[in-house]
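J.: Here is the input, now give the coordinates:
(2 chains)
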Amino acid sequence: MSLRVYNTMSGKKEEFQPLVPGKVGMYVCGVTVYDYCHIGHARANIVFDVIFRYLQFSGYETTYVRNYTDVDDKIINRANERGISSQELAEEFIKAFDEDMDSLGLVKPTHEPRATEYIQKIIEITQKLIDKGIAYEASGDVYYSVDKFPDYLKLSKRNMEDMLAGARVTPGEQKRDPMDFALWKAAKPGEPSWKSPWGEGRPGWHIECSAMSSSLLGDSFDIHGGGRDLIFPHHENEIAQSEGASGQTFVKYWLHNGFVNVNQEKMSKSLGNFFTIRDILKTYDAEVIRFFILSAHYRSPIDFSDQNLAEAQSGLKRFYEALEAAEIATDGTEKKVQRTDEGAKVEKKFREAMDDDFNTALAIAHLFDGVRTMNRLIATKKFKKKPELIAQVEDLHATILQLGEVIGLYRSQPTTWLEKVKLVGLAQLEITQGEIEELIKQRLQARKEKDFSRGDEIRNDLEAQGILLLDTREGTSWRLK
RNA sequence: GGCCCCGUCGCCAAGUGGUAAGGCAGAGGUCUGCAACACCUUUAUCAGCAGUUCGAAUCUGCUCGGGGCCUCCA
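T.: Numbering: from 1, shown residues only, chains lettered A, B, ... in the order given. Predicted structure coming up:
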């Protein structure tokens, strides 16, 4: 079975066949760097991180481009408010973005271009569009004339009459048509600007992506991604610009991720229901966020809430507990892992799920099946005396780690991860680790003396405080309720 | 006003024509001094109504409910 992807352009799942066999070019719209990233940005970037990883895992030599928009109205405004240059502001938030993506465990794209590094290319494309009669200059601005591009709105599947009927489009002063959009904006005082054939100015938003993508991937490439909200106008305009200039099909497959909602509504600053990655990371482990995001299909909306994050944490904990148990049961020593039926089965199902438009939710469900099988084997009587069972557990363990890598999960040492989550949770309780350990000692003493009621009392008290005790042959450990 | 999406077990969530994955929570059991952990078993006919079909959660129509885009937005 081969990879199938949902293409926004056709509205269907299509068989994935790159323009050049074995190679993939992928461009994803990055962020405008004027503020900290929120959980919605985290989703978009994690989704395409996983797509990138899976393409490579599937054997495609993939060039992944994700840009920084470092010149824009919002950057200029914010910089003015703070009395710094827009360059300084952009630098600051590029750094913050990199830190956030790093802590979320994203791999680096092949290229991370900045819009300001491609001004020449932007001017070049703009000039070409003017030469072709598709764009026009007006007092230092340059606009794209949408009625010169018959395919306009083919991605968002709207029509011009309906758009105009919306009556919320206000004609720009220099525009010939209210639907036209700016390729180049004449400089205003105090704004960053570059020299151009039309005077000092700066690029419009949409043209940046056309310039960066064609520079790094060519006039025609395989995958273009971004959030749903970019379909119109951003991606529509990119198509108009790139295809208008090159005369070639810009992109073969358009992929768009769904939103992160809060209380069933889109997250937005005006509603105040806004969570930055940094804030969330204070309470939740980065991998929990990734797990939460990947437990739904990338095109569906997901609802961000404490309950959902807590559930994601429970789910991920199940993996780490099983991985830890497997390491203990097999002594965790490094050995050549034999492929067994169990491991092969999990891998096959995982691939099938991912091949079906990157169905990470289903893929994770198959990994859960692997966990259950592993736990069951370990719980078998006389497990340690059955080499064939040990081999299966070792293989499942290795398989889960290997496939986990593909979606960026289970990258930590189980013991370390479990300990970390435990301590973060403990910090929210009234009791300290030392106190717990002291009580465990007292209970052990009581149990030695067969004073079970005292022992139970301690255990019940701890449970009331949110601490569960686990008795094993090796001794008593504790975990959070 | 135009375009579009969604409504699956208490909660989260796969499944787009062949008879409902998985996780969390719950119940019963095995294990245990008693528990916990782990394991085993167990819990839905898919918002409603009407159609198409041998057969529908999956297709069509209508109704109800929720959301998105049409302006910057992941």
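J.: make it CA atoms for all contacts and neighbour counts henceforth
T.: Will do.
J.: Give me the neighbour count for the closest residue to A:Thr283 other than its chain neighbours.
T.: Distance criterion CA to CA, 6 or more residues apart in numbering; nearest residue to A:Thr283, sequence neighbours excluded, is A:Val424 at 7.6 Å. With neighbours defined by other CA atoms under 10 Å, the count for A:Val424 comes to 14.
J.: how about A:Val424, secondary structure?
T.: helix (DSSP: H, G, I helix; E, B strand; the rest coil).
J.: pLDDT wise, what is it at?
T.: Looking at A:Val424, its pLDDT reads 84.
J.: Distance of it relative to A:Thr432?
T.: 11 Å (CA to CA, to the nearest Å).
J.: Ok, A:Arg299 next?
T.: Counting by CA to CA - A:Arg299 and A:Thr432 are separated by 43 Å.
J.: In terms of neighbours, single out the busier of those two.
T.: A:Arg299 (18 against 12).
J.: From what I see, the more buried one and A:Gly258 are in contact.
T.: Yes: assessed by CA atoms under 8 Å, A:Arg299 is found in contact with A:Gly258 at 4.5 Å.
J.: In three-state terms, how would A:Gly105 be classified?
T.: Quick answer, by three-state DSSP: A:Gly105 is coil.
J.: who touches A:Met267 in this structure?
T.: By CA atoms under 8 Å, 6 or more residues apart in numbering, the contact list for A:Met267 reads A:40, A:260-261, A:273-274.
J.: Quick check: phi and psi at it.
T.: Backbone geometry at A:Met267, expressed as degrees, to the nearest 10, gives phi -70, psi 130.
J.: Pull up the gap between it and A:Asn273, please.
T.: 6 Å.
J.: burial of whichever residue of the stretch 201-350 of chain A sits closest to RNA strand B, as a residue count?
T.: Relative to RNA strand B, the nearest point of the stretch 201-350 of chain A is A:Gly227 (2.6 Å; CA to the nearest atom of the strand). A:Gly227 has 20 neighbouring residues, counting by other CA under 10 Å.
J.: cool, A:Glu457 as well?
T.: 12.
J.: Likewise for A:Lys385?
T.: 9.
J.: neighbouring contacts of stretch A:436-456?
T.: A:458-459, A:462, A:476.
J.: same question, stretch A:280-289
T.: A:103-105, A:309, A:312-313, A:316, A:409-410, A:421, A:424.
J.: Report the helix or strand with the lowest average pLDDT across chain A.
T.: Lowest by mean pLDDT, DSSP states H and E among the helices and strands of chain A is helix A:160-165, with a mean of 74.
J.: in the sheet, who's paired with A:Asn257?
T.: Taking DSSP bridges as the rule, A:Asn257 bridges to A:Gly227.
J.: burial count for it?
T.: 22.
J.: repeat for A:Arg454
T.: Applying other CA under 10 Å, I find that A:Arg454 has 16 neighbouring residues.
J.: The helix or strand it falls within near RNA strand B anywhere?
T.: A:Arg454 is part of helix A:452-464 when elements are defined by DSSP states H and E. Yes: Helix A:452-464 comes into contact with RNA strand B (CA under 7 Å from any atom of the strand), by way of A:452-453, A:455-456.
J.: quick check, nearest of the residues you listed to A:Tyr136?
T.: A:Asp456 (82.5 Å; CA to CA).
J.: Quick check on the contacts of stretch A:436-456: which are buried?
T.: A:458-459, A:462 (16 or more other CA atoms under 10 Å).
J.: Near RNA strand B, which residues of the stretch 301-450 of chain A? Just list them.
T.: A:301-303, A:307-308, A:311-312, A:314-315, A:318, A:359, A:361-362, A:364-366, A:368-369, A:371-373, A:375-376, A:378-379, A:447.
J.: ok, now which ones touch A:His235?
T.: Here A:His235 is in contact with A:155, A:206 (criterion: CA under 8 Å, 6+ apart).
J.: again, but for the one 10 residues further on
T.: Neighbouring residues of A:Ala245 by CA under 8 Å, 6+ apart: A:125, A:128-129, A:132.
J.: ok, these vs A:Ile46, which is closest?
T.: Of the contacts of A:Ala245, the one sitting nearest to A:Ile46 (CA to CA) turns out to be A:Ile125, at 31.2 Å.
J.: From RNA strand B, how far off is the closest one?
T.: Using CA to the nearest atom of the strand, to the nearest Å, we find A:Ile125 at a distance of 19 Å from RNA strand B.
J.: A strand includes that residue, no?
T.: No: applying three-state DSSP, one finds A:Ile125 to be helix, outside a strand.
J.: That one: what's it in contact with?
T.: Counting by CA under 8 Å, 6+ apart, A:Ile125 has contacts A:211, A:241, A:245.
J.: Inside helices: which ones of these?
T.: Counted as lying in helices by DSSP state H, out of the contacts of A:Ile125, are A:211, A:241, A:245.
J.: Many thanks, I have nothing further to ask.
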